[in-house]
Structures are given as C-alpha cells and as structure tokens.
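# Quick one, what's the 3D model for this:
(one chain, ligands or ions: 1)
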Amino acid sequence: MAMPRLLSTAAQPLADRLRQAEQPVRLIGHYDCDGLTSSAILARALQRCGLRFHLTNVVALTPDVIDQLNSEVPALVLFSDLGSGYPDLLAQLKTSALVVDHHLPQGETPPNVLELNAHKAGIDGNREASAASLAFALALILDEANRDLAPVALAGAWGDRMYLDGLVGWNRMIADMAVEDKYLNSINRLPLTGETLADALASSLEPYLLGVSGNPAATAEVLQDLGFDPAIALGELDVEGTALLADWLALKLLEQGAGKQQRTQLFAPQLDLPRWGCSVEELAAMTDACGRLDDTSTGIAMLLGSPSGRERAEAYVREHREQLLEQLACVEFERGRAIQHFRGDNAALKGTICTLALGYFLDRSLPAIGLAPRDGKLIASSRAAPQLVAQGISLSEVMMQAASACGGQGGGHAQAAGASLPLEKEDEFIDEVDRLVAEQLGL
Ligand SMILES: [Mn+2]
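So this is what the prediction gives:
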C-alpha cells in the first residue's frame, strides 16, 4: 500500500531532520487521545532510530510552554497534535522545531520550523488524518517496521472522532494496512461492553441511552419490559435476543433525537485489535481517560505496551465513564440566540459532554459550548454538528476571535475548538461567541 505522494513528500524532510538529530529529541504533544497516540508513535519511532527522547504532554501550546523550552535549550523540539495554530509562539522558540499537526494552520510556518500539516499535504485534517495518522506516516518513512503502530494511529483517529461516517482517505489506508497485516479485524456486533447485559446498558456512553445510561434501576426496568434476564452475559444472547436488543436500541436513539451518525454507528462493524485484546474504540477510550484524568505518562506507557500501564488505564476508563455518566445525567444547557452553553466545574469533561450531548439528545441546529475553570483561567470547549459545518460554521474562527477579544487565546477545528481566557471575562466571551456564531449562520 503506497502512501499518498503529497503526504510522503511532506513528511520526508522531517524524517531526514530526525535521522541527523542530536539527542534527546524534545517531544511536546497534546494531552488528548490523538495527542498521546501521536506522541507514542513518534516516541517508538525515535527509539527504533536509536534516538532518546524527553516527552511532555500538555493541555495547550501556551507562552509558558515556550518559556519552559527556551530555558531547557533542547537541540530539537518535535510537536505533535499542536503547533500549527500558533506560528507566533513557535517563532519565539530559540531552537529549531518539527511540527506534526492536523489543525488548521494559522499563517506562515516560521523559518525555524519544519511542518507536517495535513492541510498543507493535500489531506483533509478534519476527516482523513489525525495527528496520530500523520505521525504514523512519518514513522513509516523512518522505518517500515513501524507498520505495527497502525492500531495506535487508528486509536488517535478514533479519539478525534474520524470514524463517524466511516474512515476515509489516509485513515482508511491505515485501516486497510492493519487488516492486511492482521493487526485489525472488522467484526459485526453491537457496540456494547460489560459483564452482563444490564452492566452494558447502564454503563453505555456510546451509544448514550438517555435516562438509561448511568441509571441501573431504569436499565433493569427496560430489560424486564423487553423480557431479558438482566444478568445474562452479552456473549450468551442468541440471534433473536440480539435482534430484539438492536431494534430497541435503534428506536431508543431515534426517540431521544440522536444524530444520524450516532444511529448509524450502532450497526457499524467493530474494529477489534487481536494483539491488544480490545477494540480500536477501547484503546482510544483508555488513552483518552489517561489524558482527561491528568496521567498522560500512564497513557504513553500503556501505548508502548506496559502491562501495569494497561491496568491503570482500564481503571481510569471506568472512573472517567462514571464521571461523564454522572454529569450527563444533570447537565443543563442555557440557550442564547445562536448557541447553547453550560458552565461546569470539570475542565477535562466539558468537551466530551458537549460532543455526547449534541450527538445523542441536544438540539443540533446550534453549537454547544462548555465552560469550566482551570488553573485560574476559564477554559472553553465548543462543538458543532456536521450540518452546521456544512452551512459554513467555523468554531475555530469563533473561538479565536472571541477569545482574543477577551484577552485570551483560542483555535482548533471547524467542528470542535477551544479557548482559554481570564475568568472574569465569562459573560463577555459568551456574548461574543453568540454574536459571531449568529453572524456566521446569518441569523
Ligand atoms: Mn488531534
């Protein structure tokens, strides 16, 4: 399977630079699933080149990160899943740097930086490649043996929700490569996990079953009405039982107003990773949970194959899921003219809450914004449904402009973007976001 030529051409200069790099290479990655998976891929690829590395995963590329790097004076910095949005900050680095990113580039790449950005390599960075997919391309150029990292790349793409509507482009090619190498099996079964049927429904986040997920009593009632033994193991369901359950799930999602992608996902094949003993979705969930619970080193250890890292990551998934289920059960969005927003207390959960709420039960004609304080700042996450992106909304623009009007910083993707700003600017920020979205949508 050949890599798209534009992609290999874009990645080649970074591979050449890494081959002659002084050690250790200073890796800076984003802290989310795609950031951690891309970091792990690059870390493994560097190891296999005989290069040592020093990795830190950060919430955002801020002036503090640049100051820290300038005080360390590393020979070479390698950024993954961040960088392209902040050329001005990169220009303040006193060393040379490589950037592997799929976020929309904001302006010119500074002269001290070599950039592998999806959008600059003829690839749609919102759909066809995540940072992990690009890191995987770079790893392949460095050494064909890195093909075994395909599952990690797919977990990154999954973390950035590129599986909705099916994998396409470079992501699709990675999946095909993984199938060919027997690292990936595509299997038809319902996307439920748990010891028993009751556990599976009560703990289900995707699909999120409004009024059932996170509510064992309601789950028991539903299963009783359907005539199921709640204690039956998922694997023991017969064909008839599976069909009955599938019908109920499909109806339930329709009834609660879930999006088309979410309803389609119910019947999408599950991507199992035999060597990992889990699915791509579960590998992404473990990675994501490590990031959200602020233990990125466990995420990296797990992705590099550590059994104790894996155990901890599995425990984090359970903890993270419980927190999300708890918050989703009581979250209330306040509607403005063109947006709906909520103010929470957990900065690590707000983006996921917006994503799940929009996908499974919220009004998708308005973007959803979540706000929460962290480290003395107000952090915002925003999400828009695909139809809004098709109508031309760009949350990356909205977050960037609204945040800078409030003395903060913002950016991201058209459909998912974030910002950080002074706490006291909350009302001003929300008004500005509302105004900018209304303007973009012509309301
Ligand atoms: Mn990403």
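# going forward, measure contacts between C-alpha atoms and count neighbours the same way
Will do.
# what residues are up against residue 377?
Contact analysis of residue 377 by Cα atoms under 8 Å, 6 or more residues apart in numbering lists 420, 421, 422, 423.
# That one pairs with what?
Note on residue 377: beta-bridge partners residue 374, residue 422, judged by DSSP bridges.
# If I look at it, what pLDDT would I see?
Looking at residue 377, its pLDDT reads 96.
# mind checking how far it is from residue 419?
Plainly put, residue 377 is 10 Å away from residue 419 if you go by Cα to Cα, to the nearest Å.
# cool, and residue 441?
Distance from residue 441 to residue 419, by Cα to Cα: 20 Å.
# likewise residue 343?
14 Å.
# more neighbours, these two?
Neighbour count, other Cα atoms under 10 Å: between residue 343 and residue 419, residue 419 has more, with 25 against 19.
# In terms of helices and strands, where is the more buried one?
Secondary-structure element containing residue 419, defined by DSSP states H and E: strand 416-422.
# domain assignment for the protein?
5-181, 197-265, 334-441 (automatic domain parsing).
# roughly how far is the second one from the heart of the chain?
Between the centre of domain 197-265 and the centre of its host chain there is 25 Å, according to Cα atoms, centre = their mean, to the nearest Å.
# can you check stretch 265-274 too?
Worked out by Cα atoms, centre = their mean, stretch 265-274 lies 18 Å from the chain centre.
# returning to that earlier point: who wins for most neighbours among the contacts of residue 377?
residue 420 leads the contacts of residue 377 on contacts (other Cα under 10 Å) with 26 neighbours.
# wait, that residue sits on residue 378?
Yes - in this structure, residue 420 is within contact of residue 378 by Cα atoms under 8 Å, at 5.7 Å.
# Could you pull out the helices in the stretch 201-350 of the chain for me?
Counting by DSSP state H, counting those that start in this stretch, one finds helices in the stretch 201-350 of the chain at the ranges 216-226, 239-255, 260-265, 280-292, 296-303, 307-330, 350-360.
# Packing partners of the third one?
When you say that, I think you mean helix 260-265. Helices and strands touching helix 260-265, as assessed by 3 or more Cα pairs under 8 Å, 6 or more residues apart in numbering; DSSP states H and E, comprise helix 239-255, helix 350-360.
# Single out the most deeply packed of the ones you listed.
helix 350-360 (a mean of 23; mean count of other Cα atoms under 10 Å).
# Please export the C-alpha coordinates of it as CSV.
Taking Å, rounded to 0.1, in the frame of the first residue of the first chain, the C-alpha atoms of helix 350-360 are listed here in CSV:
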residue,chain,number,x,y,z
LYS,A,350,-16.7,19.7,29.2
GLY,A,351,-15.7,19.0,25.6
THR,A,352,-16.8,15.3,25.8
ILE,A,353,-20.1,16.4,27.4
CYS,A,354,-20.8,18.8,24.5
THR,A,355,-19.9,16.1,22.0
LEU,A,356,-22.1,13.4,23.6
ALA,A,357,-25.0,15.7,24.3
LEU,A,358,-25.0,17.1,20.8
GLY,A,359,-24.7,13.7,19.2
TYR,A,360,-27.3,11.9,21.4
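# can you list contacts of that helix?
With Cα under 8 Å, 6+ apart, helix 350-360 has contacts from 205-210, 253, 256-259, 261-262, 324, 327-328, 344, 364, 368-372, 380-385.
# likewise stretch 424-433?
Contacts of stretch 424-433 (Cα under 8 Å, 6+ apart): 339, 378, 398, 399, 402, 403, 405, 406.
# which residues sit in contact with the fifth one?
If I follow you right, that is residue 402. With Cα under 8 Å, 6+ apart, residue 402 has these contacts: 410, 429, 432, 433, 436.
# Do you have the strands of the stretch 1-150 of the chain handy? List them.
25-30, 53-58, 76-80, 96-101, 113-117 (DSSP state E, counting those that start in this stretch).
# possible to save those strands as JSON lines with mean pLDDT, distance to residue 222 and mean neighbour count?
JSON lines is the format used below for the strands of the stretch 1-150 of the chain (pLDDT from 0 to 100; distance: least, Cα to Cα, whole Å; neighbours: other Cα atoms under 10 Å):
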{"stretch": "strand 25-30", "mean pLDDT": "98", "distance to residue 222": "41", "mean neighbour count": "24"}
{"stretch": "strand 53-58", "mean pLDDT": "97", "distance to residue 222": "42", "mean neighbour count": "18"}
{"stretch": "strand 76-80", "mean pLDDT": "98", "distance to residue 222": "45", "mean neighbour count": "26"}
{"stretch": "strand 96-101", "mean pLDDT": "97", "distance to residue 222": "45", "mean neighbour count": "25"}
{"stretch": "strand 113-117", "mean pLDDT": "97", "distance to residue 222": "48", "mean neighbour count": "24"}
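# Reformat the helices of the stretch 201-350 of the chain as CSV; add distance to residue 392 and mean pLDDT.
Below are these laid out as CSV (distance: least, Cα to Cα, whole Å; pLDDT from 0 to 100):
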stretch, distance to residue 392, mean pLDDT
helix 216-226, 40, 97
helix 239-255, 26, 97
helix 260-265, 19, 92
helix 280-292, 29, 95
helix 296-303, 35, 98
helix 307-330, 28, 96
helix 350-360, 18, 96
